[in-house]
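**Q** One predicted model, sequence on top.
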Amino acid sequence: MSPTVKMPILCSNCVDKRAVLKRPKTGHSLCKECFFWAFEEEVHQTIVAAKLFKHGEKVGIAASGGKDSTVLAHLMKLLNERYNYGLELMLLSVDEGISGYRDDSLETVKRNQQQYELPLKIVSYKELYGWTMDAIVKQVGLKNNCTFCGVFRRQALDRGAIMLKVDKICTGHNADDVAETVLMNVLRGDIARLRRCTAISTVSEGEGVVPRCKPLKYAYEKEIVLYAYFKKLDYFSTECIYSPNAYRGHARTFLKDLESIRPSSIMDIVHSGENLSVREGVKMPVQGTCNQCGYIASQALCKSCVLLEGLNRGLPKLGIGKHHRLHDKILSKQPLTEKEERKLKSVNF
Ligand code: SF4
Ligand code: ZN
């Protein structure tokens, strides 16, 4: 009996070259070139269909050195040239002050800056808030650190964008991230966030808030990894040493399980989130401005100012949970009562 000879699978698009991968999103077997083209074209179509940019705009690319933002920077440069978007691009990074993690990933961003020949601005938590994440973790422990980090990052990106005078920030959020956020907001019953989280772009919500958009919103994480791998892009793949938010971690595992049974689950969840409508009469937080720093806030103080005040007073619990009634005291720098202090001091929350 003669041994069976395995025939190479041909690319289903060009039917010429050998297929090197099966697209996670569509199941098509493609050669490298056809995959690159399909992936790039889909992102271009997303940008055009949602009118994400206007000719002549200055755009800051939020760059962490990770796969998503590295692929985003690569694609924005490539598509800007290929389709003459007419954008002025620059990289914007946040240094959270996490030794052994962010310092290394920022080295990757610095190399990307050389590779893509784009200007780079790094803003640090230390310089903006007087605290590094290393110091924050020492005070608050490892349970709520991502709350501090997330709130500070959001504002840090805006502050960096204002320093760079960009019109817009684009971020590397992909379809998996959006699906994960939809799941988390459903599980938490957070209607306000649920309504916002699938938006591909945001308009400025007030002074100091720069519009944002997500050109990779419909790109699967697995395809981003494949693209970065086959393009040999220079990116940093280590996880944060302060471990990702546990709740998000569960939502992620759940999503990956669903994806392994049915790959379209990711896009189905994104579409479900997009099509949810909120019943009339549901109370939504009203956005105002922070009385202390002027940033958007739905209370007298923005989340960032409350968290910072908690850190500076050695009362880390202040910004976690609902302590709105203490905002007036904080604003007028009044001392807290012993009982209030005791409640807010413990880090076992
Ligand atoms: Fe910050 Fe948490 Fe992300 Fe680490 S995992 S960078 S602490 S948000
Ligand atoms: Zn504030």
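**A** Received the coordinates, thanks. Ligands and ions are numbered 1, 2, ... in the order given.
**Q** Could you pull up the residues touching Gln155?
**A** 128, 295, 302, 304 (Cβ atoms under 8 Å, 6 or more residues apart in numbering). Placement of C-beta: from N, CA and C, glycine included.
**Q** And it, which helix or strand is it part of?
**A** helix 145-164 (DSSP states H and E).
**Q** got it, and Val59?
**A** Applying DSSP H and E, one finds Val59 within strand 58-62.
**Q** related to what we said a few turns ago, keep only those of the contacts of Gln155 that are in strands.
**A** Among the contacts of Gln155, DSSP state E puts none in strands.
**Q** Of all pairs in those, which one is the farthest apart?
**A** Largest separation among the contacts of Gln155 by Cβ to Cβ: Leu128 and Cys302, giving 13.3 Å.
**Q** who has more neighbours, these two?
**A** It is Cys302, of Leu128 and Cys302, that has more neighbours when counted by other Cβ atoms under 10 Å, with 24 against 17.
**Q** quick one: that one and Tyr295 touch, right?
**A** Yes. With contact defined as Cβ atoms under 8 Å, Cys302 reaches Tyr295; the gap is 4.5 Å.
**Q** Name all residues that make contact with the closest residue to Pro263 other than its chain neighbours.
**A** Excluding the flanking residues, the one nearest Pro263 by Cβ to Cβ, 6 or more residues apart in numbering is Pro24, at 5.8 Å. Taking Cβ under 8 Å, 6+ apart, we find Pro24 in contact with 220, 222-223, 226, 263.
**Q** Apply 7 Å and report the result again.
**A** By Cβ atoms under 7 Å, 6 or more residues apart in numbering, Pro24 lies in contact with 220, 222-223, 263.
**Q** now swap in Lys222 and tell me
**A** Taking Cβ under 7 Å, 6+ apart, one finds Pro24 in contact with Lys222.
**Q** Please tell me the pLDDT value assigned to the closest residue to ligand 1 within the stretch 201-349 of the chain.
**A** Closest residue of the stretch 201-349 of the chain to ligand 1, Cβ to the nearest ligand atom: Cys240 (3.0 Å). Note for Cys240: predicted pLDDT of 90.
**Q** try Leu326
**A** 69.
**Q** Going forward, count from 347.
**A** Understood, numbering begins at 347; the last thing we discussed is Leu672.
**Q** so where is the stretch 447-596 of the chain shaky, pLDDT-wise?
**A** Where the stretch 447-596 of the chain drops to pLDDT under 70, the residues are 590.
**Q** quick one, strands of it?
**A** For the stretch 447-596 of the chain, the strands defined by DSSP state E, counting those that start in this stretch cover 466-470, 514-516, 558-559.
**Q** other SSEs contacting the last one?
**A** This points to strand 558-559. Where contact means 3 or more Cβ pairs under 7 Å, 6 or more residues apart in numbering; DSSP states H and E, strand 558-559 is packed against strand 514-516.
**Q** run the last query once more with 6 Å
**A** Counting contacts by 3 or more Cβ pairs under 6 Å, 6 or more residues apart in numbering; DSSP states H and E, strand 558-559 packs against no other helix or strand.
**Q** do the longest one as well
**A** The contact analysis (3+ Cβ pairs under 6 Å, 6+ apart) places strand 466-470 against strand 434-441, helix 491-510.
**Q** so does the longest one get close to ligand 2?
**A** Right, the one you point to is helix 491-510. No. Legend: contact between helix 491-510 and ligand 2 by Cβ under 5 Å from the ion is lacking; minimum distance shown is 8.0 Å.
**Q** Buried residues in that helix, which are they?
**A** Neighbour counts using 16 or more other Cβ atoms under 10 Å place 491-492, 494-495, 497-507, 510 of helix 491-510 among the buried residues.
**Q** So the helix holding Gln501, near ligand 1 or not?
**A** Yes. Contact of helix 491-510 with ligand 1 (Cβ under 6 Å from any ligand atom) involves 491-492, 495-496.
**Q** Next, count neighbours for the nearest residue to Phe576 once chain neighbours are set aside.
**A** Distances taken as Cβ to Cβ, 6+ apart put Lys378 closest to Phe576, at 5.4 Å, once the chain neighbours are dropped. Neighbours of Lys378 under the rule other Cβ under 10 Å: 16.
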